[in-house]
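1. Have a look at this fold, sequence not included:
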């Protein structure tokens, strides 16, 4: 049986992990770390302790009103992409354990195009 990192759970939400193809399951956030458990296969899980998370990058749309997905970047140079049932609530709970200076917005398509043309000069 899988042993959880958390002794106290703050939030459990339905979520999707994007690692090649979507895997549906649940995100669990607690005092020990960030965890994802697959719905169909309990042996398929991701556990990341708070000391292993380097930053959180949120993809925003419609002037930061909608957050379709977010990424968890670890200190081991691995990036995990997730979407959740209520992503804003998940990010608010993550902000309890991850300081605000480690949480970022990803660049929009317009910003990427601007950076592309500005970098050529």
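-> Yep, it's here. Just so we're clear, the structure is a prediction, and the values are computed from it rather than from any experiment.
2. Looks to me like residue 94 is in a helix.
-> Yes - residue state for residue 94 (DSSP: H, G, I helix; E, B strand; the rest coil) corresponds to a helix.
3. Identify the residues contacting the spatially closest residue to it that is not a sequence neighbour.
-> Excluding its sequence neighbours, the residue lying closest to residue 94 (C-beta to C-beta, 6 or more residues apart in numbering) is residue 56, at 5.9 Å. Every residue, glycine included, has its C-beta placed from N, CA and C. Contacts for residue 56 were tallied using C-beta atoms under 8 Å, 6 or more residues apart in numbering; they are 70, 71, 72, 73, 91, 94, 98, 102, 103, 104.
4. mind listing the helices for this protein?
-> Assigned by DSSP state H, the helices in the chain fall at 87-97, 109-119.
5. Let me have the ones you listed in JSON lines, adding mean neighbour count, mean pLDDT and distance to residue 42 as columns.
-> Compiled in JSON lines, the helices of the chain are given as follows (neighbours: other C-beta atoms under 10 Å; pLDDT from 0 to 100; distance: least, C-beta to C-beta, whole Å):
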{"stretch": "helix 87-97", "mean neighbour count": "16", "mean pLDDT": "93", "distance to residue 42": "21"}
{"stretch": "helix 109-119", "mean neighbour count": "9", "mean pLDDT": "72", "distance to residue 42": "38"}
